[in-house]
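# What follows is a predicted structure for the sequence shown.
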Amino acid sequence: MNDHPPNDGTILDLPIKALDLPPRPYWVLVQNERIRTIGELTTRSGLELMRCPNFGKVSLRDVRRALQRYNLWLRDEAPLEPPYDAPLPPPSPGAPLSQHLQAIEAKLDLILSKLTPS
């Protein structure tokens, strides 16, 4: 198996071995699930992986950490893009609480609109 990046340099085309996973998650992914590349792994969700025999919380943690080194995530764990994950400012002193709650509600609506398929 060639451990060097492909000619186009795409991380997703690298073999899963490039993640340098511990033996258990590596063998479950390669032998049981037939996942060969990092790109194939990123199409799976954490729940799908947890359903694999001999793949538990520690294995899932190892996979998440390995992917994060490449700034990648499992399918259901992609981070929200700014400004969606930016914190809300604290309520203004003296402002009614309802005004702050409206800002929170608007932000939640924005986030949900990005997460919900059209």
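Received, thanks.

# Name the spans of the chain whose pLDDT lies under the cut-off.
Across the chain, the ranges flagged by pLDDT under 70 are 1-9, 78-86, 113-118.

# and the longest helix for it?
Using DSSP state H, we find that the single longest helix of the chain is helix 97-115.

# The residue sitting furthest away from the middle of the chain and residue 51, how far apart?
For the chain, the residue at maximal distance from the C-alpha centroid (CA atoms, centre = their mean) is residue 94, at 39.8 Å. Distance of residue 94 to residue 51, given as CB to CB, to the nearest Å: 52 Å. In short, each C-beta sits where N, CA and C put it, glycine included.

# repeat for residue 63
Taken as CB to CB, the span from residue 63 to residue 51 is 14 Å.

# How is this structure divided into domains?
Per automatic domain parsing, the domain ranges recorded for the chain read 11-77, 80-118.

# Of those domains, which stretch is the most buried?
Each of the domains of the chain was scored by mean neighbour count; the highest is domain 11-77, a mean of 15, by mean count of other CB atoms under 10 Å.

# Endpoints of that domain, how far apart?
18 Å (CA to CA, to the nearest Å).

# could we number from 435 for the rest of this?
Renumbered: residue one is now 435, and that last one reads domain 445-511.

# roughly how far is it from the heart of the chain?
Offset of domain 445-511 from its chain centre (CA atoms, centre = their mean, to the nearest Å): 11 Å.

# Wait, residue 525 touches residue 532, no?
No: using CB atoms under 8 Å, residue 525 makes no contact with residue 532, being 10.3 Å away.

# hmm, back to that, doesn't the residue farthest from the centre of the chain fall inside a helix?
No: judged by DSSP: H, G, I helix; E, B strand; the rest coil, residue 528 forms no part of a helix; its state is coil.

# Do a quick rundown of the helices in this structure.
457-461, 472-476, 480-484, 491-503, 531-549.

# mind checking how far the nearest residue to residue 538 once chain neighbours are set aside is from residue 536?
Among residues not flanking residue 538 along the chain, residue 522 sits closest, at 6.2 Å (CB to CB, 6 or more residues apart in numbering). For residue 522, the distance to residue 536 equals 11 Å [CB to CB].
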